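S.K.: requesting a structural model of the entry that follows:
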Amino acid sequence: MPVRAPLLRRTLLNRTAFLALAVVLLLAASILLGSYTVTIPDFFRILTAHFTDGEKIPGASFIVMESKLPRAVVGAMIGLAFGLSGGLFQTMLRNPLASPDVIGISNGASAAAVTAIVIFGATGPAVSAAALGGALAVAALIYAISRSGPGGSRATGSGVDAGNRLILAGVGLAAALGAVVNFLLTRADIRTAADALVWLNGSLNSASWDRAGVLAAALLVLVPTVAILAGPLRMIELGDDTAAGLGTRVDLTRLGIVLTAVALAAVATSAAGPVSFVAFLAGPIARRFTRKASLPASALTGALIVLAADYFAANLAPLLLDGTVLPVGVVTGALGAPFLLWLLVTANRKDA
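M.R.: Purely as a prediction, here's the structure:
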């Protein structure tokens, strides 16, 4: 056993480093390749000219600096945010189904955004603000329901019971909010409904440096918060009684983890829409690759999923679908559904 622990740590570090390298390579592919290719020397010329007011390359400078680069940067950051959010929920609740996609956080953002689009005619930053508010409000409601027993009394029992209550409350609210979204779409005119559907699919088409700046500012606050919570989170994995015995303030820590995970999912959703199943996929895939639950690996896997899905949707799908460019959320959704079924099948085999 003493030999095995260092070996596992070394494996975790090596495979996390591999994931980081894969993210860098995919970022490079997203920027340099595709329908408009850019050589590495030209990319550095464009980058240098942009920051030094040097001679620009006509056309290429605009495509790289205003389209390709912000799209890749925003895609990587929302992947990191979704991956961290899913990893926090799944680790805290010890359940691979506990992700913002499944427990209603994304549905809250979607319902608020569609309400803003259809009823108030909102666009751009107003839709993002509505999505952020909707995600936070639904998260607060889910948390309140999960912590309350019959008659409004506080729930008792183990952390697993509280986690199951949170998941069930989230699934129920997600169904109700999905119905709200469908109702609003039926009441909207065709053009407004089309705008809402574009947002609901999750897309990086509206990526810009302004959105990248907001995401970067949010991550500068939230990522250090995750690092602070990582230690108490490992204690909570051992069980509430054990964590309390080791000096962890269980309820306060759990609340902090929920708020941080929701904020990560909310800012990512407000930037690009509800990109389906990234938070759900990142944690389990990272765990199987690194052989251990790891928040950095989950974050990097989330970035990989978004970047790979967007590259496929923007560059490969048009070749297969007669020029049709898919939103990134369509690709990640297509990946998530069979992965969920696979998780259920493997869980049934373990139970048997």
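S.K.: any regions of the stretch 151-300 of the chain where pLDDT drops low?
M.R.: Residue ranges of the stretch 151-300 of the chain with pLDDT under 70: 151-162.
S.K.: what comes up buried for the helix or strand where V223 lies?
M.R.: Using DSSP states H and E, V223 falls within helix 209-237. Within helix 209-237, the residues that qualify as buried are 211-212, 214-215, 218-219, 222-223, 226, 229, 232-233, 235-236, counting by 16 or more other CB atoms under 10 Å. Using the backbone N, CA and C atoms, a C-beta is placed for each residue, glycine as well.
S.K.: could the residues you listed be laid out in TSV, adding distance to V250?
M.R.: Below are these laid out as TSV (distance: CB to CB, whole Å):
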residue	distance to V250
R211	36
A212	37
V214	33
L215	31
A218	27
L219	27
L222	22
V223	23
V226	18
L229	13
P232	9
L233	11
M235	8
I236	6
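S.K.: now for these: which two are most distant?
M.R.: R211 and M235 (35.9 Å; CB to CB).
S.K.: gap between the residue nearest to I103 when sequence neighbours are not counted and L222?
M.R.: Distance criterion CB to CB, 6 or more residues apart in numbering; nearest residue to I103, sequence neighbours excluded, is G170 at 2.7 Å. Plainly put, G170 is 21 Å away from L222 if you go by CB to CB, to the nearest Å.
S.K.: ok, how many other residues are close to F289?
M.R.: 17 (other CB atoms under 10 Å).
S.K.: which non-adjacent residue is nearest it?
M.R.: Spatial nearest neighbour of F289, chain neighbours left out: R15 (5.9 Å); criterion: CB to CB, 6+ apart.
S.K.: that neighbour is in what secondary structure piece?
M.R.: Element membership for R15 (DSSP H and E) is helix 4-32.
S.K.: list the buried residues in the next helix or strand after that helix.
M.R.: Per DSSP H and E, the first helix or strand lying C-terminal to helix 4-32 is helix 40-52. Buried residues in helix 40-52, counted by 16+ other CB under 10 Å: 43, 45-46.
S.K.: distance from helix 40-52 to the middle of the chain?
M.R.: Distance of helix 40-52 from the chain centroid (CA atoms, centre = their mean, to the nearest Å) equals 31 Å.
S.K.: tell me what it is packed against?
M.R.: Judged by 3 or more CB pairs under 8 Å, 6 or more residues apart in numbering; DSSP states H and E, the packing partners of helix 40-52 are helix 4-32, helix 60-63.
S.K.: show me the one of those helices that comes nearest S276.
M.R.: S276 sits nearest to helix 4-32 of all the helices and strands packed on helix 40-52, at 19.2 Å, using CB to CB.
S.K.: and the angle from that closest one to helix 40-52?
M.R.: Calculated by axes from the mean of the first three to the mean of the last three CA atoms, to 10 degrees, helix 4-32 forms an angle of 80 degrees with helix 40-52.
S.K.: mind giving me the packing neighbours of helix 4-32?
M.R.: helix 40-52, helix 69-93, helix 278-290, helix 295-311.
S.K.: next, format the ones you listed as TSV and append distance to L132.
M.R.: Listed next are the helices and strands packed on helix 4-32 as TSV, based on distance: least, CB to CB, whole Å:
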stretch	distance to L132
helix 40-52	30
helix 69-93	12
helix 278-290	16
helix 295-311	19
